[in-house]
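[1] just to be clear, the model below is a prediction. Sequence and coordinates:
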Amino acid sequence: MKLAIVGYGTWATTMAAALGRKYERVRDVRIAWWISPESRFEGQRLLDVVVRTGENRKRLPGVPIPSNVHASGDLAEVAADANVLIWITPAAYTKALLLKLAPIADRALVLHGIKGFDPDASDLKTMSMMFGADGGVDESRIGVLSGPNIAPEIAGNFTPEPQRRWAPVAAVVASATETAARQLAELVEIDGVIRAYTTRDVRGVELCGILKHIYAIAAGVCDGMGMPHSTKASLKSRSIAEMKRILCWFRSEMPEFGSVCDETLDSPAGLGDLDVSCMTGRNHTLGRSLAQGMSTAEVNEKVLRGMVAEGIHVVRRLCDCLRDSGLRTPILSEVHQMVWEGKPADQAIGSVLHSRRPAGPCSFSLE
C-alpha cells in the first residue's frame, strides 16, 4: 500500500510524523510526502532542509520525520500509484495542485483535512465537491478528516521526549460510504494518540469545520481584550446558536447540502472543533491581534508569517452568500466588518455583546 501526503504545513507535517511512526515497521506500506520545491526556510529550500535534517524546521521543529517517509518536490511522483492521497493544503492553493493530477486514479481514496471553500467557485463549494468536480474523484472515494485537532499538540507525541505520555485526541472521518469511512479511520487511528470516529455526513463535517473559523476569531477578540470567562462563554453559546441557524439554512436552501445532520454539530467535528479553536489556533490568533489594534494585513505579515487563517476568506464568502437570505448572523457580520472593513475590534465585539434580544415569545433563541 502506498500513502501520499500532499502539503507541508503543521497538520500535513504532523500526519507525516504520525503515519511514519505508525507504519515504521510495516514493510508493505510506503509513504511519500510532497513538499513544494519553491518553499523556503532560512535561505534554503524547505525540501532540502527536511531531507537533510529529518525535520520540518519551518513549521514543526523538533518533531522527527521517520526515515520511511520519503519527501519529494515532484507532485506526480508522490501521487503515482498511491492507494490513499492525504491532502492537507490551504484551500486557496488546492485547486491548482489538484488540476496537475486530475483525473485521479479510480482506485485511489482521497482524505482531505482542508477547512475552507473553493475560492474560485461562483457558489459555495466545499473541498470534497472540488475533488469530485475538478479531480474526477467519485464521492464514494472521498473522505474528510476533522475534529478538535491542534497539530503541534498531536505532534508532541512523536518528539524524542513526548510532551505528554498519554494525550489522545478525537478525530472524525466522514465519507459517503461506510466502507471508505472505516478504511480511512483505521488508517489514521493511532493507539493512545488519535481515536477516529466515522460518519457519512460529509457536508456537515465540512461545514462545521468551516464555520468554526468565524467564532474562533470572535473568541480571540474576547481574549485579546481580556474579557472574563463568563463573557466568552456567553459569546460561545450564541456562536453555537448562529452555527445551527446557518447549518439549517444550508440544508433547506442548497440541495447539495440537504444531507447535513443535526448531530454532527454535537460531535468532535462540531462543538469539539469549535471549542478548541476558541482557545488556540490561527483564527484565534487573528482575533487576539485585531483586538490589540493590528489590521488584517499586519497580522498576516507580522504574526502569521505565511501561515493561512482560513477564516479571513470564509467570512467574506459566507457574508456574500447570506446577504439576501434574511438570516440573522450578527457575529458573522461583525467579524466580517473587523476583518475586511477595518472596524475596530472593541466596537465590533461590543455590537454583538450589547445587542438587544430580538422581540418575540420567551425562548432560547440566542441571537
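    All right, it came through fine. Residues are numbered from 1 along each chain as shown.
[2] residue 145: what secondary structure?
    strand (DSSP: H, G, I helix; E, B strand; the rest coil).
[3] neighbours around it, how many?
    Other residues near residue 145 come to 28 when the count uses other C-beta atoms under 10 Å. Any C-beta I mention is one placed from the backbone N, CA and C, and that applies to glycine too.
[4] residue contacts, it?
    Going by C-beta atoms under 8 Å, 6 or more residues apart in numbering, residue 145 touches 86, 111-113, 171-173, 184, 188.
[5] weed out the non-buried ones from those residues.
    Among those, the ones that count as buried by 16 or more other C-beta atoms under 10 Å are 86, 111-113, 171-173, 184, 188.
[6] what's the farthest-apart pair in those?
    86 and 172 (15.2 Å; C-beta to C-beta).
[7] and of the buried ones among the contacts of residue 145, the nearest to residue 309?
    Minimum distance to residue 309 across the buried ones among the contacts of residue 145 is 15.7 Å, recorded for residue 113 (C-beta to C-beta).
[8] returning to that earlier point: can I get the contacts of residue 145 in JSON lines including distance to residue 301 and pLDDT?
    Output for those, formatted as JSON lines (distance: C-beta to C-beta, whole Å; pLDDT from 0 to 100):
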{"residue": "86", "distance to residue 301": "30", "pLDDT": "98"}
{"residue": "111", "distance to residue 301": "32", "pLDDT": "98"}
{"residue": "112", "distance to residue 301": "28", "pLDDT": "98"}
{"residue": "113", "distance to residue 301": "26", "pLDDT": "98"}
{"residue": "171", "distance to residue 301": "32", "pLDDT": "98"}
{"residue": "172", "distance to residue 301": "34", "pLDDT": "98"}
{"residue": "173", "distance to residue 301": "35", "pLDDT": "99"}
{"residue": "184", "distance to residue 301": "37", "pLDDT": "98"}
{"residue": "188", "distance to residue 301": "34", "pLDDT": "97"}
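[9] for the helix ranked longest in the chain, which outside residues touch it?
    Using DSSP state H to define each element, the chain has its longest helix at helix 229-253. Residues outside helix 229-253 that contact it (C-beta under 8 Å, 6+ apart) are 203-204, 207-208, 211-212, 214-215, 218-219, 222-223, 257-260, 262, 265, 270-271, 274-275, 278, 318, 322, 325, 327-332, 349, 352-353, 364-367.
[10] still on that earlier bit, could you redo the contacts of residue 145 as JSON lines and give each row distance to residue 92?
    Formatted as JSON lines, these follow (distance: C-beta to C-beta, whole Å):
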{"residue": "86", "distance to residue 92": "19"}
{"residue": "111", "distance to residue 92": "20"}
{"residue": "112", "distance to residue 92": "14"}
{"residue": "113", "distance to residue 92": "15"}
{"residue": "171", "distance to residue 92": "24"}
{"residue": "172", "distance to residue 92": "24"}
{"residue": "173", "distance to residue 92": "24"}
{"residue": "184", "distance to residue 92": "24"}
{"residue": "188", "distance to residue 92": "24"}
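[11] among the residues you listed, which ones are in strands?
    Residues of those located in strands (DSSP state E): 86, 111-112, 171-173.
[12] can you redo the residues you listed as JSON lines with distance to residue 137?
    As requested, these are exported to JSON lines (distance: C-beta to C-beta, whole Å):
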{"residue": "86", "distance to residue 137": "13"}
{"residue": "111", "distance to residue 137": "11"}
{"residue": "112", "distance to residue 137": "10"}
{"residue": "171", "distance to residue 137": "21"}
{"residue": "172", "distance to residue 137": "20"}
{"residue": "173", "distance to residue 137": "16"}
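[13] out of these, flag the one nearest to residue 11.
    Nearest to residue 11, judged by C-beta to C-beta, of those is residue 86 at 10.0 Å.
[14] for the closest one, what are its contacts?
    Taking C-beta under 8 Å, 6+ apart as the criterion, residue 86 is in contact with 3-6, 12, 15, 19, 111-113, 145.
[15] of these, closest to residue 41?
    Residue 41 lies nearest to residue 12 out of the contacts of residue 86, by C-beta to C-beta, at 15.0 Å.
[16] what's the residue lying closest to that closest one once chain neighbours are set aside sitting at in phi/psi?
    Once flanking residues are discounted, residue 12 sits nearest to residue 88: 4.0 Å by C-beta to C-beta, 6 or more residues apart in numbering. Torsion angles at residue 88 (phi, psi; degrees, to the nearest 10) stand at phi -140, psi 80.
[17] for residue 88, give me its contacts.
    If you count contacts by C-beta under 8 Å, 6+ apart, residue 88 has them with 5-7, 9, 11-12, 15, 112-114.
[18] now these as TSV including distance to residue 245?
    Formatted as TSV, these follow (distance: C-beta to C-beta, whole Å):
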residue	distance to residue 245
5	36
6	34
7	32
9	31
11	29
12	33
15	33
112	26
113	26
114	24
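[19] emit the PyMOL select command for whichever of the residues you listed are buried.
    Buried subset of the contacts of residue 88, written as a PyMOL selection, criterion 16+ other C-beta under 10 Å:
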select buried, resi 5+6+7+9+11+12+15+112+113+114
